[in-house]
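Engineer: Sharing a model prediction with you, sequence too.
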Amino acid sequence: MTLTDEQTKFYRQTLEVTKKSIEELNSQIEEELAKVKERLAELQARKNAAKVGAYFMARLSGLARDYPCIADVRGRGLMIGIELVKADGAPNRALCDAMLHRAFQNGLLLLSCGVSTLRFMPPLCVTEAGVDEAIVMLRKSFDEALAAGA
């Protein structure tokens, strides 16, 4: 059976329309899949922030037992701060400044907040092993800053 030119043209047009529809559908599916993947990553990051944040707070609270200059450990998730004070309980800006410098030299980037609070804001993907590394650097920084008289 031989197709007429008109039939051939019709089938080609139908094939092109079907092909374009499939391509558009695939594109829409890929966009929706990307949104789902992004949402799953966001949910995983939130879970990790809660889990590792609690671990970090516990490790910092343990550090506070060894360093009486840490008056308070507070925060939520991975946004955490430690308040540094003098022996009389007054804010210790000098120690805070010294800790920022010493920590940086030891490989730990910190921020200050207020008068005498060190602020930690690690990435949402940080692991407990990463927190353990930070605690080692923080302990070394405290020892150096306090030995220097801050």
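Structural biologist: Arrived safely.
Engineer: Thr117 reaches Cys96, doesn't it?
Structural biologist: Yes: using CB atoms under 8 Å, Thr117 is in contact with Cys96, at 7.1 Å. Placement of C-beta: from N, CA and C, glycine included.
Engineer: Please enumerate the shared neighbours of those two.
Structural biologist: Counting by CB atoms under 8 Å, 6 or more residues apart in numbering, the common neighbours of Thr117 and Cys96 are Leu84.
Engineer: Name the residue in the two with the higher neighbour count.
Structural biologist: Taking other CB atoms under 10 Å, Thr117 and Cys96 do not tie; Cys96 has more neighbours (24 against 18).
Engineer: any idea how far the nearest residue to the more buried one once chain neighbours are set aside lies from Val85?
Structural biologist: Excluding the flanking residues, the one nearest Cys96 by CB to CB, 6 or more residues apart in numbering is Ser116, at 4.5 Å. Distance from Ser116 to Val85, counting by CB to CB, to the nearest Å: 7 Å.
Engineer: And Asp5, by the same measure?
Structural biologist: 91 Å.
Engineer: for Lys19, same thing?
Structural biologist: From Lys19 across to Val85, the span is 71 Å (CB to CB).
Engineer: Show me how far the longest helix anywhere in the chain is from its chain's centre.
Structural biologist: Longest helix in the chain by number of residues (criterion: DSSP state H): helix 5-66. Per CA atoms, centre = their mean, to the nearest Å, the displacement of helix 5-66 from the mean C-alpha position of its chain is 19 Å.
Engineer: Counting by contacts, list what that helix packs against.
Structural biologist: strand 70-76, strand 79-84, helix 128-147 (3 or more CB pairs under 8 Å, 6 or more residues apart in numbering; DSSP states H and E).
Engineer: With respect to burial, which of those scores highest?
Structural biologist: Highest mean neighbour count of those: strand 79-84, a mean of 21 (counted as mean count of other CB atoms under 10 Å).
Engineer: Extract the C-alpha set from it and format it as CSV.
Structural biologist: Output in CSV follows, covering the C-alpha atoms of strand 79-84 (Å, rounded to 0.1, in the frame of the first residue of the first chain):
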residue,chain,number,x,y,z
MET,A,79,22.9,29.0,65.1
ILE,A,80,24.6,28.9,68.5
GLY,A,81,26.3,31.4,70.8
ILE,A,82,28.4,31.2,73.9
GLU,A,83,28.5,34.1,76.3
LEU,A,84,32.0,34.9,77.6
